[in-house]
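Colleague: Show me how the following folds:
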Amino acid sequence: LLFLAVLKLGCIEVNLSPDMPTDTIIRAFKQTEISVLICGKLPVQKLHAIIDACPEIPHNILERQLTDGIGRPGFMTLEDMNREHPGTLPAVSTDTDPALIQFTSGTTGAPKGVTLSQKSFITAARARQKILKLDANTCILNILRLSHSCSKSLLFDALVLKATLVLAKGFVPPSAFLKTLREEKITLITVTRPDEKPIKL
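Modeller: Numbering: from 1, shown residues only. Just a heads-up that it's a prediction; the model follows:
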């Protein structure tokens with residue numbers, strides 16, 4: 001996952017939902033002064049608007065070549081990057097370094113960036129391990145978007161526990177959901193509920 005690669009390099013991820021309004025994304029980018037923009041499934045028009053409004057971002061990486069072709073200097077696909085820059089850089093991060101700037105959804109006002117350290121993720125994972133009595137046999141199902149802060153927490157849960165993390169492709173029909181539970185032998189699901197508590201099966 002790109003998130004782990006970002007941490008490996010000692011960098012900080014700015015986590016935004018692609019559903020956020022374009023002006024909100026632009027404002028967040030300018031506030032956090034990002035230096036690399038990695039784009040996945042953003043609509044082309046939205047991506048163009050963001051790039052045009054943020055000329056100060058020196059590096060732009062696309063998940064794949066866009067059908068309309070941007071053709072601007074400084075752009076490369078992940079495939080191009082892997083070909084031109086093989087290998088990995090040495091780890092330079094520590095657990096007290098910032099790992100993520102998570103922007104709130106903005107339901108009670110303008111979205112705000114909250115900085116989380118690597119240590120905060122690990123501490124929370126160990127707390128859940130103790131409270132829920134989780135171990136390496138735990139199989140976690142994540143049905144939330146990867147832009148959701150909980151998705152990052154589940155990733156750390158799996159790493160700390162040396163457990164299995166299953167990533168679902170969004171919300172699926174009940175029959176497919178139940179099939180996944182059976183086939184993957186899921187033991188833990190985290191979903192958004194009023195009380196925000198994990199569901200242990």
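
Colleague: where along the chain do the helices fall?
Modeller: Ranges of helices in the chain, per DSSP state H, are 2-8, 22-32, 44-53, 78-84, 118-132, 149-161, 174-184.

Colleague: Could you give the average pLDDT over the fifth one?
Modeller: Pointing back at helix 118-132 there. Taken as a whole, helix 118-132 has a mean pLDDT of 90.

Colleague: show me what contacts the nearest residue to Ala163 once chain neighbours are set aside?
Modeller: Sequence neighbours aside, Thr138 is the residue nearest to Ala163 in space, at 4.2 Å (criterion: CB to CB, 6 or more residues apart in numbering). Quick note: C-beta positions are derived from backbone N, CA and C, even for glycine. Contact analysis of Thr138 by CB atoms under 8 Å, 6 or more residues apart in numbering lists Asp157, Leu161, Ala163, Thr164, Thr187, Leu188.

Colleague: and the helices of the chain, which is most packed in?
Modeller: Most buried of the helices of the chain, by mean neighbour count (mean count of other CB atoms under 10 Å): helix 149-161, with a mean of 20.

Colleague: Please spell out the segments of this protein that come in under the pLDDT threshold.
Modeller: Applying pLDDT under 70 to the chain picks out residues 1, 40-41, 61-94, 106-107, 170, 192-201.

Colleague: Pairing-wise in the sheet, spell out the partners of Leu165.
Modeller: Ile140 (DSSP bridges).

Colleague: still on that earlier bit, which one of the helices of the chain lies closest to Ala110?
Modeller: helix 22-32 (7.7 Å; CB to CB).

Colleague: sorry, back to before: out of the contacts of Thr138, which two sit at the greatest distance?
Modeller: Spatial extent of these (CB to CB) is set by the pair Asp157 and Thr187 at 11.7 Å.

Colleague: thinking again about what came up before, make TSV out of the helices of the chain and add distance to Pro98.
Modeller: Shown next, in TSV, are the helices of the chain (distance: least, CB to CB, whole Å):
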stretch	distance to Pro98
helix 2-8	10
helix 22-32	11
helix 44-53	23
helix 78-84	24
helix 118-132	8
helix 149-161	13
helix 174-184	33
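
Colleague: can you give me phi and psi for the residue nearest to Ala163?
Modeller: phi -70, psi 140 (degrees, to the nearest 10).

Colleague: Ile186 versus that one, what's the distance?
Modeller: Going from Thr138 to Ile186 by CB to CB, to the nearest Å gives 9 Å.
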